[in-house]
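> With the input below, show me the fold.
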Amino acid sequence: MQERAFPLVFAAHVPVTAAFYERLGFTRLRQNPPEGEPTYIALARGTAELAVVSADWPATRYDRPFGTGVRFEMFVLVDDLDTLLKELAGAGVPLLRDPVEMPWGERIAYVTDPDGNPVALAAGPHS
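Predicted coordinates for the structure are as follows:
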């Protein structure tokens, strides 16, 4: 049985959204088309994978409209939350919620990806 699964992140500008996730430690594996403006970029971070695809994907693949508002939340464990938040702020990434100490020991802050989806950044005993 295949053990691989990954989310597709719908993006208005695929390269911009992929670059955001590359700032979080994801590495570009491949893109389609291989040359020119990509409509699909596969990324990995350790064993975690995701693909960033064009916002018209839902309409062209399965005849559903691209949703508005929050479409998903990404949760990413990081080594140094404060340094990463400073780097992201310097790049103009919006902060949704300042870091908060959770009862289980992690510090979690929320930013948004370029398409407005919340991204939880967590550091602590399990990161």
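
> C-alpha from now on. contacts and neighbour counts both.
Will do.

> Identify each buried residue in the lowest-mean-pLDDT helix or strand in the chain, please.
Each helix and strand of the chain was given a mean pLDDT (mean pLDDT, DSSP states H and E); the minimum falls on helix 57-62 at a mean of 90. Buried residues in helix 57-62, counted by 16 or more other C-alpha atoms under 10 Å: residue 57.

> which SS state does the residue nearest the centre of the chain fall under?
When C-alpha atoms, centre = their mean is applied to the chain, the residue found nearest the centroid is residue 21 (4.8 Å). Following DSSP: H, G, I helix; E, B strand; the rest coil, residue 21 is assigned to helix.

> Tell me how far it lies from residue 45.
Distance, residue 21 to residue 45, by C-alpha to C-alpha, to the nearest Å: 9 Å.

> again, but for residue 124
From residue 124 across to residue 45, the span is 18 Å (C-alpha to C-alpha).

> For the least confident helix or strand of the chain, C-alpha coordinates in PDB please.
Output of helix 57-62 as PDB, limited to C-alpha atoms (Å, rounded to 0.1, in the frame of the first residue of the first chain):
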ATOM      1  CA  TRP A  57      -7.200  23.900 -10.400                       C
ATOM      2  CA  PRO A  58     -10.600  23.100  -8.700                       C
ATOM      3  CA  ALA A  59     -12.600  24.400 -11.700                       C
ATOM      4  CA  THR A  60     -10.500  22.700 -14.300                       C
ATOM      5  CA  ARG A  61     -10.000  19.400 -12.500                       C
ATOM      6  CA  TYR A  62     -13.400  18.700 -10.800                       C
END
